[in-house]
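Asks: Return atomic coordinates for the entry below.
(2 chains)
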2 protein chains.
Amino acid sequence: MPDPIDFYFDFSSPYGYLTSRQIDGIAAKHGRAVAWRPHLIGAVFPTTGSRPLLDIPMKGEYALLDLLRTARQMGVPFQLPGQFPFLSVAAARAFYWLSDSDPAMAHDLATALYNAAFGEGRDITVIDTIVAVAAGLGVEGDALRAALGDAAVKDRVKREVAAAIDRGAFGSPYIVVDGEPFWGHDKLDDIDRWLETGGW
Amino acid sequence: MPDPIDFYFDFSSPYGYLTSRQIDGIAAKHGRAVAWRPHLIGAVFPTTGSRPLLDIPMKGEYALLDLLRTARQMGVPFQLPGQFPFLSVAAARAFYWLSDSDPAMAHDLATALYNAAFGEGRDITVIDTIVAVAAGLGVEGDALRAALGDAAVKDRVKREVAAAIDRGAFGSPYIVVDGEPFWGHDKLDDIDRWLETGGW
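Replies: Next up is the predicted model:
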């Protein structure tokens, strides 16, 4: 069984959301699994000198047009939450906490949080919202609330972010296939071809 | 006859080079022409807060890997000139000067300059190199040398760069199809589909 494909993403990344709707299907076509790895891209900004995409003059206007156009092409709902950009650290903590006991449910939580944020425009910085989304999957609220304030969970997210940076993940989505990195939603066709051919 | 597709690019942009190898063919499939429009992306950096791609930590390392991988996939020669990034203003002046008298030859000069820089790794900041490349197309050297120092030609390039910025061209390649902008070499497949379908 080959290693899973590593899917690094930030819960506040709209291109990460669009990718989340497709990456499992692309991998499955080639008999591959995907390891979803929430990342906090803001941690890379001091290194790259970047900042939230939609805040960048000229580039931000283009990116919004491209996001809406790409979502139309995919036929998926898309909207920006009222508060954008937003801090995704609570969502990442919820994910990694849940992944220790139930990786499949953590994956479903990631999907549900992304859909809440960019499908429905909800504010997933609010703990009550995260708890409500998780409750829809059967996650017990008090345990989740406790986890979001747990120092061990916070440390876990820090380690995951550091590992993502070590792997070179400077953006979202950042996908690693058998050691080969691909950055951006625009690379999904190339990832499909790479999985098909074994590379070039 | 529909308007040509606008292809904004910087002669110092390696993704612009890769795009230059494909854009005419994609347009021709759909009976469309391409207006090649050299741009000076550095003029946008104060607005976007960006800087030369390969100088950006993490992102630059990825970009070089991706450029080499994409060139391999396309089967085109690719190398970075020894001096990189470089100032492309002389190349842009040569192009616009020639385009007034002979647009077809200006197009061929653009192709030849890009191939010299990124196919052969030559330094196209050097006027002698530009003159030599142009001589291969039959362009008279003394006239070209005079043009490169001509205030009217310098002003022409400034106006073209200002017009590109007005159009939203924050990067290279930046391609406008019937008013719809597309940024990046990765968008060529989408451009092909847009031309095929009329948009979505």
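Asks: Now A:Lys154. Nearest residue, chain neighbours left out?
Replies: Nearest residue to A:Lys154, sequence neighbours excluded (C-beta to C-beta, 6 or more residues apart in numbering or on different chains): A:Arg93, at 6.6 Å. The C-beta positions use only the backbone N, C-alpha and C, and glycine is treated the same way.
Asks: how about the one you found, what does it touch?
Replies: In this structure, A:Arg93 makes contact with A:Ala147, A:Leu148, A:Val153, A:Lys154, A:Arg156, A:Val157, judged by C-beta atoms under 8 Å, 6 or more residues apart in numbering or on different chains.
Asks: looking at the sheet around the residue nearest the centre of chain A, what are its partners?
Replies: For chain A, the residue nearest the mean C-alpha position is A:Phe9 (3.2 Å; C-alpha atoms, centre = their mean). The partner list for A:Phe9 in beta bridges (DSSP bridges) reads A:Pro38.
Asks: residues in chain A within reach of chain B, list them.
Replies: Residues of chain A found near chain B (C-beta under 8 Å from any C-beta of the partner chain) are A:44, A:47-51, A:56-59, A:61-62, A:65-66, A:69, A:72-73, A:165, A:168, A:170-171, A:180-184, A:186-187, A:189-190, A:200.
Asks: Would you mind checking these for buried ones?
Replies: For the residues of chain A next to chain B, burial is judged from neighbour counts taken by 16 or more other C-beta atoms under 10 Å in any protein chain shown, and it is met by A:44, A:50, A:56, A:58-59, A:62, A:66, A:69, A:165, A:168, A:170-171, A:181-184, A:186-187, A:190.
Asks: From start to finish, how long is stretch A:159-179 in a straight line?
Replies: Distance between the boundary residues of stretch A:159-179 (C-alpha to C-alpha, to the nearest Å) amounts to 20 Å.
Asks: Which positions within that stretch qualify as buried?
Replies: Judged by neighbour count (16+ other C-beta under 10 Å), stretch A:159-179 contains these buried residues: A:160-161, A:164-165, A:167-177.
Asks: Can you flag which of the buried ones among the residues of chain A next to chain B belong to helices?
Replies: A:Lys59, A:Tyr62, A:Asp66, A:Arg69, A:Ile165, A:Asp190 (DSSP state H).
Asks: Distance from the helix or strand bottoming out on mean pLDDT in chain A to the middle of the chain?
Replies: Least confident helix or strand, chain A: helix A:45-48 with a mean of 93, by mean pLDDT, DSSP states H and E. Put simply, helix A:45-48 sits 19 Å off its chain's centre (C-alpha atoms, centre = their mean, to the nearest Å).
Asks: Residues in contact with it: which ones?
Replies: So helix A:45-48 is in contact with A:Arg51, A:Ile165, A:Phe170, B:Ile56, B:Pro57, B:Met58, B:Lys59, going by C-beta under 8 Å, 6+ apart.
Asks: hmm, 10 Å instead?
Replies: Contacts to helix A:45-48, defined as C-beta atoms under 10 Å, 6 or more residues apart in numbering or on different chains, come from residues A:Ile41, A:Arg51, A:Pro52, A:Ile165, A:Phe170, A:Gly171, B:Ile56, B:Pro57, B:Met58, B:Lys59, B:Gly60.
Asks: same question, stretch A:124-135
Replies: Here stretch A:124-135 makes contact (C-beta under 10 Å, 6+ apart) with A:11-12, A:81, A:83, A:86-91, A:93-95, A:98, A:105, A:108-109, A:111-118, A:120, A:122-123, A:139-145, A:148-149.
Asks: Now do that stretch, average pLDDT.
Replies: What stretch A:124-135 shows for mean pLDDT is 98.
Asks: Chain A: helices as residue ranges?
Replies: So, for chain A - with DSSP H - the helices run A:14-20, A:23-29, A:45-48, A:59-74, A:89-101, A:103-114, A:127-135, A:141-148, A:151-166, A:188-197.
Asks: of all those helices, which gets the most neighbours per residue?
Replies: helix A:14-20 (a mean of 25; mean count of other C-beta atoms under 10 Å in any protein chain shown).
Asks: Which strands or helices does it pack on?
Replies: Packed against helix A:14-20, as judged by 3 or more C-beta pairs under 10 Å, 6 or more residues apart in numbering or on different chains; DSSP states H and E, are the following elements: strand A:5-9, strand A:34-38, helix A:59-74, helix A:103-114, strand A:174-177, helix A:188-197.
Asks: Export the fifth one to PDB, keeping only CA atoms.
Replies: Taking only C-alpha atoms (Å, rounded to 0.1, in the frame of the first residue of the first chain), the coordinates of strand A:174-177 have been written out as PDB:
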ATOM      1  CA  TYR A 174       0.000  22.300  -0.700                       C
ATOM      2  CA  ILE A 175      -0.100  18.700  -1.800                       C
ATOM      3  CA  VAL A 176       2.800  16.200  -1.600                       C
ATOM      4  CA  VAL A 177       2.500  13.000  -3.800                       C
END
